[in-house]
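K.L.:
this is the structure alone, sequence omitted:
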Ligand SMILES: C[C@H](O)[C@H](O)[C@H]1CNC2=NC(N)=NC(=O)C2=N1
């Protein structure tokens, strides 16, 4: 499957379906906040599994009770593609199960 950078217009359209996610500097990003560290780390572990399944990987930061997710597509020079939205959507589906809330 050929993957191509999305236009800014298409990115904005897709972002409307992903509350909490932002776009800047050719990246999609979001921060989740948790009750404590085990919950935050649990989300990171499940994201890692999804990323292996999709063969698409975000940059993750794990703090005490926060997880930061940043993603773009390296193979097109670091632009946002449909693959980034697919990963973001998958993360949104599972984050509530870890007690995630908005930053
Ligand atoms: C071979 C492997 O699927 C590729 O290197 C994948 C791995 N994960 C990736 N992740 C991201 N974010 N962008 C990529 O282009 C990418 N490429």
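P.N.:
Nice, thanks for sending it over. These numbers were taken from a predicted model, which means no experiment stands behind them. Numbers count the residues shown, from 1 in each chain.

K.L.:
for the helix or strand hosting residue 9, which positions count as buried?
P.N.:
With secondary structure defined by DSSP states H and E, residue 9 is part of helix 8-15. The neighbour-count check on helix 8-15 (16 or more other C-beta atoms under 10 Å) flags 11, 14-15 as buried. The C-beta positions use only the backbone N, C-alpha and C, and glycine is treated the same way.

K.L.:
please apply the same query to stretch 32-43.
P.N.:
By 16+ other C-beta under 10 Å, the buried positions in stretch 32-43 come out as 32, 34, 39-40, 42-43.

K.L.:
can I get those residues in JSON lines with secondary structure and pLDDT?
P.N.:
Putting those into JSON lines (DSSP: H, G, I helix; E, B strand; the rest coil; pLDDT from 0 to 100) gives the following:
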{"residue": "32", "secondary structure": "strand", "pLDDT": "98"}
{"residue": "34", "secondary structure": "coil", "pLDDT": "98"}
{"residue": "39", "secondary structure": "helix", "pLDDT": "98"}
{"residue": "40", "secondary structure": "helix", "pLDDT": "98"}
{"residue": "42", "secondary structure": "helix", "pLDDT": "98"}
{"residue": "43", "secondary structure": "helix", "pLDDT": "98"}
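
K.L.:
for the residues you listed, which one is nearest residue 84?
P.N.:
Taking C-beta to C-beta as the measure, residue 84 sits nearest to residue 32 out of the buried residues of stretch 32-43, at 16.8 Å.

K.L.:
next up, phi/psi of residue 3, please.
P.N.:
phi -110, psi 130 (degrees, to the nearest 10).

K.L.:
state the pLDDT value of it.
P.N.:
The predicted structure scores residue 3 at 95 on the pLDDT scale.

K.L.:
just residue 102 next, same as before
P.N.:
Residue-level confidence at residue 102 comes out at 85, pLDDT.

K.L.:
ok, now which ones touch the nearest residue to it once chain neighbours are set aside?
P.N.:
Counting by C-beta to C-beta, 6 or more residues apart in numbering, residue 20 is the residue found nearest to residue 102 once chain neighbours are left out, at 5.3 Å. Taking C-beta atoms under 8 Å, 6 or more residues apart in numbering as the criterion, residue 20 is in contact with 30, 92, 102-103.
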